[in-house]
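> Mind folding the following:
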Amino acid sequence: MGFSAVIAQDRVKRMLSGAIREQAISHAYCFYGEEGIGKDALAIAYAQILNCSHPNILADGIIDACGQCKSCLDSTRLEHPNIMFISALPAGKTTSKNEDSPLLQMSDDMLALYKQEMILKAEDPYHVWSLPNAQTIRIASIRDIKKQVKMSATQSGRRVFIISQADKMNMEAANAFLKTLEEPHDNITFILTTSKKDALPQTILSRCQQVYCDLLPSEDLIDALCEKQGISRSESLLIEAFAQGSYGRACSFLNEDIQSMRSDIIDLLRSALKRKHYRLELMQQLDRILTDKDRSSQELLLRMLALWIRDCHYASIVTDSNDGIMNIDQIDSIRKFASAFPDADYHAILHQLEQSMEHIRRNVNGNLVMLSTMLACREAFLLNTREFIDHAPKDISR
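This next block holds a predicted model:
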């Protein structure tokens, strides 16, 4: 593990390495930023480095774990006694004997799932923690932290408590954790990770060193997809365009047929732009495309269309360069499309697509959202256009 397994985030790595060199390790951090950018990965790597017997100093000043000592091997498996990983758990049955032990409250089946999630998290710190009905970090988990803090360390190094998705603490848990933060603790660090920093109480945030984690640069994300997921660079380029700097979001697209979905949504737009008799074809296309598509896939379709429209807008403005076009494998089609609609209101179309994606996120009926989106696009494209799509190049969506 160590920092070498964390994609990009060099600024944060240098900052945390500086804290180690200067012996200024904070008693509490809050790593925040977008989902899927490696906040948990950073927290686990930092905990490993803080407990490494022989840390390495790299050429760029970043301190990294050796990855070979017993401490590193235990950390890599998330089995180090100094490292505690806390996450949302399903509600359990409390008894007088186990009220402070959240794992003992779980059924045998749920405990087996929990152990499997820990294995997956150890193998891939970017793994999205997922237990059935685990929506809240409850006070039992915080009480367990408090009990662990009071116990003597069984091994040298620094004890690190990682609270993943800390915004899931309920009010009772947050209040209890605040009391733990307010008490002085030698050689102990708390690391909270969250993509919803504003959902955490200000009283907790004010007692943490707040560390913003950056979106992943395009090249780092593309390289990571190729190396970790074993996909081609051309496929990585397309997925990266929709991932918005998030490795987690990019991985969620791996099970989707991205090129087929892109073709579908552009074909749908093309149907909407026909001069006449477009309504029946549009409805038939909608039924076909949206069959078995959940909200996430529906939003992805709209995001693909938005990226296509942005490329068309760029092509309509810049004629001597393709550097700003994301769908670079479709450059000829994009330029033909842009030339067919020189007066298109691209700003109105992009605004409509943003609104449509928000409606999807709010669980508005996907068919209705997509239909209204296509009709709005038709109006924005054809409002000032005399020649309809029937007279435009026939391969604009190919």
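> Flag the shaky bits of this protein, pLDDT-wise.
92-100, 384-398 (pLDDT under 70).
> which is the next helix or strand following the lengthiest helix in it?
Selection of the longest helix in the chain by residue count, based on DSSP state H, yields helix 295-317. Counting by DSSP states H and E, the next helix or strand C-terminal to helix 295-317 is helix 331-340.
> Give the full set of residues in contact with Ala28.
Leu181, Thr189, Phe190, Ile191, Leu192, Arg207, Cys208, Gln209 (CB atoms under 8 Å, 6 or more residues apart in numbering). All C-beta spots, glycine's among them, are computed from the backbone N, C-alpha and C.
> Tell me which stretches of the protein form strands.
Listed in chain order, the strands of the chain (DSSP state E) span 28-32, 56-57, 63-64, 83-86, 159-163, 188-194, 209-212.
> Spell out which strands sit alongside the longest one in the sheet and which way each one runs.
To tie it back to what came earlier, the one meant is strand 188-194. Here strand 188-194 is paired, per DSSP bridges, with strand 28-32 (parallel), strand 159-163 (parallel).
> These into CSV, with extra columns for distance to Asp198?
Listed next are the strands paired with strand 188-194 as CSV, based on distance: least, CB to CB, whole Å:
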stretch, distance to Asp198
strand 28-32, 9
strand 159-163, 17
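> Of those, give the one that comes closest to Arg378.
strand 28-32 (41.0 Å; CB to CB).
> follow-up on the earlier one: relative to Thr154, which of the contacts of Ala28 is nearest.
Among those, and counting by CB to CB, the member closest to Thr154 is Thr189, at 17.0 Å.
> wouldn't that closest one be in contact with Phe161 here?
Yes - at 7.4 Å, Thr189 and Phe161 qualify as touching, with contact defined as CB atoms under 8 Å.
> out of those two, which sits in the more crowded spot?
Phe161 (24 against 21; other CB atoms under 10 Å).
> and that one, how far is that from Glu35?
To Glu35, Phe161 is 22 Å away according to CB to CB, to the nearest Å.
> Then Lys70?
Lys70 is 33 Å from Glu35, where distance means CB to CB.
> So these two - more neighbours on which side?
Neighbours were counted for Lys70 and for Glu35 using other CB under 10 Å; Glu35 has more, 16 against 10.
> State the number of residues packed around the closest residue to the more buried one other than its chain neighbours.
Closest residue to Glu35 apart from its sequence neighbours, by CB to CB, 6 or more residues apart in numbering: Ser195 at 4.4 Å. Residues within reach of Ser195, counting by other CB under 10 Å, total 18.
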